[in-house]
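# my questions are about this predicted structure, shown below with the sequence.
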Amino acid sequence: MKKRKIKEDKHESQLKWVLAILGIIIAIMAAIFLVEMGSSKFEYLGVKFEKIQQGSRIEYNALFPLADASGKVTAYMPFTFSEDPRKLRNIKINGTIKLKKNVAFSATKEVIMEKCDDSILAPSRLNSFLVSAGLNLKEYTVVVNETEAVERNLTYSDCGNLDEKYSVILFEKGSNDKIIKDENCYRLQIANCNFMNVTERFMMGVYASNRGIDI
């Protein structure tokens, strides 16, 4: 009985030590996380960011390093994000993003009719980002209905009639925010009007994939 008591006390003591060590590790990790998230300057996926207060709005100014054929950084491309890109890591990207030189935008009727706050700003910002990266954008149209395209004299594009010379970026409603690669079509699925979050996550995916960085 006494031996069993000694063993129980020993196991209890060891358990306390294990829990104490785990507690210290968790505390250190939490402290590091808070310091990183609270800092006005940080680096994410090789891109330098700075948190800026613009009146009542917070923005994140980014500097994307541009490299030559040898991999040497020769310049930086500035861009502005609405959200901290580290907070968007939960938006899944299914597949590597490899855009062709020519890119076309499109959107489903459900997305257009929903009239989200950023439904125009987000694609416009993505347009600027891709143009700055040296890609060619077709005239921006938010239409995937072929009949409507003919009536409005717009180019009809979706993931079904894909022109092999183009990559298509399709905005569509989804139950969760995520990005799905469908051959050379990229479906930006948006839930609860999170246009900007999904779009900015896609932009980081474009850059990371181009540099061979896992995202």
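Here it is on my side, so go on.
# now residue 205: how far from residue 80?
18 Å (Cβ to Cβ, to the nearest Å). (Glycine included, C-beta is placed from N, CA and C.)
# show the contacting residues for residue 176.
Applying Cβ atoms under 8 Å, 6 or more residues apart in numbering to residue 176 gives the contacts 189, 191.
# can you pull the pLDDT of it?
Here the pLDDT value assigned to residue 176 is 95.
# and residue 30, by the same measure?
41.
# more neighbours, residue 205 and residue 80?
Higher neighbour count among residue 205 and residue 80: residue 205, with 22 against 13, using other Cβ atoms under 10 Å.
# quick check, that one in contact with residue 215.
Yes: the criterion here is Cβ atoms under 8 Å, and residue 205 meets it with residue 215 at 5.4 Å.
# okay, and the common contacts of those two?
residue 93.
# checking residue 90 next. Helix, strand or coil?
coil (DSSP: H, G, I helix; E, B strand; the rest coil).
# ok, it - contacts?
Counting by Cβ under 8 Å, 6+ apart, residue 90 makes contact with nothing.
# from residue 113, how far off is it?
The gap separating residue 90 from residue 113 is 27 Å, by Cβ to Cβ.
# got it, and residue 53?
For residue 53 relative to residue 113 (Cβ to Cβ), the value is 35 Å.
# now stretch 73-80: average pLDDT?
Here the average pLDDT along stretch 73-80 is 91.
# list of residues touching it?
Under the criterion Cβ under 8 Å, 6+ apart, residues 48, 59-68, 128-129, 132-133, 203 lie in contact with stretch 73-80.
# can I get the CA coordinates of stretch 72-88 in PDB?
Backbone C-alpha positions of stretch 72-88 (Å, rounded to 0.1, in the frame of the first residue of the first chain) are rendered in PDB as follows:
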ATOM      1  CA  LYS A  72      18.300  38.400 -57.600                       C
ATOM      2  CA  VAL A  73      15.900  41.000 -56.200                       C
ATOM      3  CA  THR A  74      16.100  44.100 -58.500                       C
ATOM      4  CA  ALA A  75      13.100  46.100 -57.400                       C
ATOM      5  CA  TYR A  76      10.000  46.200 -55.100                       C
ATOM      6  CA  MET A  77       6.400  46.500 -56.200                       C
ATOM      7  CA  PRO A  78       4.300  48.500 -53.600                       C
ATOM      8  CA  PHE A  79       0.700  47.600 -53.000                       C
ATOM      9  CA  THR A  80      -1.900  48.300 -50.300                       C
ATOM     10  CA  PHE A  81      -4.000  45.600 -48.500                       C
ATOM     11  CA  SER A  82      -7.100  46.100 -46.400                       C
ATOM     12  CA  GLU A  83      -6.400  43.200 -44.100                       C
ATOM     13  CA  ASP A  84      -3.400  41.600 -42.300                       C
ATOM     14  CA  PRO A  85      -2.500  38.800 -44.700                       C
ATOM     15  CA  ARG A  86      -1.600  36.500 -41.800                       C
ATOM     16  CA  LYS A  87      -5.200  36.500 -40.700                       C
ATOM     17  CA  LEU A  88      -6.300  35.100 -44.000                       C
END
